[in-house]
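Colleague: below is the sequence, then the predicted model.
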Amino acid sequence: MIAHSAELLTPEEVQRVHDASLEILEGVGLLVRNPQAREILTRHGCTGQAGEEVIRFPRRVVEEHRASIPPTFTFGARDPQYDRTLPGDAPVIVTGSSAPNLVDPTNGRERRARSDDIARIAHLVQNLPAYDVFSIPTLADDAPAGLFTLSRLYPAMKFCSKPIRVSGPPEDTLRITEFAYFVAGGEDAYREHPFLTHHYCPVVSPLTMDFDSTGMLIHFTEQGLPCYATLVPNGGLTSPLTLTGTLVQGNAEFLAAAVLEQMVRPGKSTLYSSLPTIADMRTGAYSPGAIETGILFIGVGQMARFYGVPCGGYIGLSNAKVNDAQSGFETALSTLAGVLGDVHMLNMAGLLDALMAFDFGKAVIDDEIAQMLKKVKRGLEFSEENLALDVITEVGPGGMFADNQHTLERMKTAALLPEIADRDPRAAWEEKGALDSQARALHRAREILTRDAPGFFSAELDAEIHKRYPGIVGGEYAPPPGWVAEAPARGRPDRAERHRRRAEAAEG
């Protein structure tokens, strides 16, 4: 494990960020568009002028209510083996979400995403080992009127049994929970083990609580269902053009949302979730791929530890338009900063062009980056056994460790063995087709997407869903057009079999 998290602020500076956030909340306040939120806030001690929407948060009120935030947050799954609790299971890897477009894996062209794409992505995420939570990565352009969210949620749940994070417009709020109750076999069964986590952005920088998202956050908090908010300050546009100013404003916005949650339901679990960015002021471009996002997340991690709250958010995003070197280094550098800074949840995977398009190859490469990040989090795994003094003594000066039993027992587990990163000599690489990382990633995606995907819904449940929601999307699975399974090389087991053998060897 990492013994000491990376820190960019001294303890005195952390305290000053907290105090400055309280100064903002008490002196400037928030514009609160939602009247229900204004009523809750003022009833619990916040202040505002009659007929005005600006609400101020006295220091004592913030301190009182933040003290009731629990130190853990759980993403529940339909299959409990995939449940993940922060911070203990960190880093928890989450796919990016809600991109309108998708890079078609058959021709490389960007197009609008559909519900059948979501089924394929769900099947991919189910079978990639580093992903912990499936935040539905795209919209569904084929969704019928009135079934927008269910046309995304249905294929996601049908083909992925990991935790699912979902959001939707206000008109879908009740329908989302109704669908979850139906799939679970009733409201009581679902409440016993919720498998959806609801996510909204109620605070719009700078310092504004909107109407719709705030109302939905209140609703799910009242219902006692898992939910949390994400704050998105953008330095130079919606927050000050300094890293510390953006951190302070975003911290104030987190406290405002968290305090509202605690007023509605004291002891409610939440996440300090953020996407702090600095705009590229040459053009005003939104720049989540910039290294400043990784730097800001180290600050978010420090503030979350100060409050005793698990943290995370959108980190590892990229402004690259294709899955190239820019995509790789933007994702890797900021997420590594986050892991070193003890950020617990990384919404990092699969999206290009500042959350605008999903790419199957990037999703596969991001899974490998995520495996590396989890390896970094485990660190040196220090123990007397791992010092291996007896082995060093046995081999002695001038000896060879390669054929030692100690090495043979650990050759598949001591180091991460990547499948996309190529380590062959050039001649061997050329003999295998001279494929770059994107080509290898798409080959891996093809291996998964051409496997059978029977789904996790019974035929009876599937039929009932179509009966209950007439006109809903088909929810069937098919590989991308033209993709068929490739036969394994002669005499060599296919990848699934190799994975099985590797797992058995690790357990042994």
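Modeller: Noted; the coordinates are in hand.
Colleague: buried residues, the longest helix anywhere in the chain. List them.
Modeller: In the chain, with assignment by DSSP state H, the single longest helix is helix 243-264. Neighbour-count burial for helix 243-264 flags 243-244, 246-264 (criterion: 16 or more other Cβ atoms under 10 Å). To be clear about C-beta, it is placed using only N, CA and C from the backbone, and glycine gets the same treatment.
Colleague: starting at the chain centroid, how far to that helix?
Modeller: 20 Å (Cα atoms, centre = their mean, to the nearest Å).
Colleague: could I get the average pLDDT for that helix?
Modeller: Average pLDDT, helix 243-264: 98.
Colleague: what's the following helix or strand after that helix?
Modeller: strand 272-274 (DSSP states H and E).
Colleague: what is that next one packed up against?
Modeller: Under the contact criterion of 3 or more Cβ pairs under 8 Å, 6 or more residues apart in numbering; DSSP states H and E, strand 272-274 touches strand 227-231, helix 243-264, helix 291-307, strand 311-314.
Colleague: looking at those, which is nearest to Val133?
Modeller: strand 311-314 (10.1 Å; Cβ to Cβ).
Colleague: angles on the backbone of Val54, please.
Modeller: phi -80, psi 120 (degrees, to the nearest 10).
Colleague: I'd say it and Arg33 touch.
Modeller: No. Using Cβ atoms under 8 Å as the test, Val54 is too far from Arg33 to be in contact (10.7 Å).
Colleague: quick one: which of these two has more around it?
Modeller: More crowded of Val54 and Arg33, by other Cβ atoms under 10 Å: Arg33, with 18 against 15.
Colleague: list the contacts for that one?
Modeller: Residues near Arg33 by Cβ atoms under 8 Å, 6 or more residues apart in numbering: Glu53, Thr208, Met209, Asp210, Phe211, Thr214.
Colleague: distance of the second one from Ile278?
Modeller: Counting by Cβ to Cβ, to the nearest Å, the gap between Thr208 and Ile278 amounts to 20 Å.
Colleague: the two: who's more crowded?
Modeller: Neighbours around Thr208 and Ile278, counted as other Cβ under 10 Å, are more numerous at Ile278. The numbers are 24 against 17.
Colleague: so the more buried one versus Ser318, what's the distance?
Modeller: Where Ser318 is concerned, Ile278 sits at a distance of 15 Å (Cβ to Cβ).
Colleague: same deal with Leu271?
Modeller: In terms of Cβ to Cβ, Leu271 sits 23 Å off from Ser318.
Colleague: again with Thr393
Modeller: Thr393 is 48 Å from Ser318, by Cβ to Cβ.
Colleague: please identify which of those two sits among more neighbours.
Modeller: Remark: of Thr393 and Ser318, Ser318 carries more neighbours, 28 against 8, as counted by other Cβ under 10 Å.
Colleague: looks like that one contacts Leu351 (just checking).
Modeller: Yes. In this structure, Ser318 is within contact of Leu351 by Cβ under 8 Å, at 7.4 Å.
Colleague: what sits in contact with each of these two?
Modeller: By the contact definition Cβ under 8 Å, 6+ apart, Ser318 and Leu351 are jointly contacted by Lys362.
Colleague: that's all I had, so thanks and see you.
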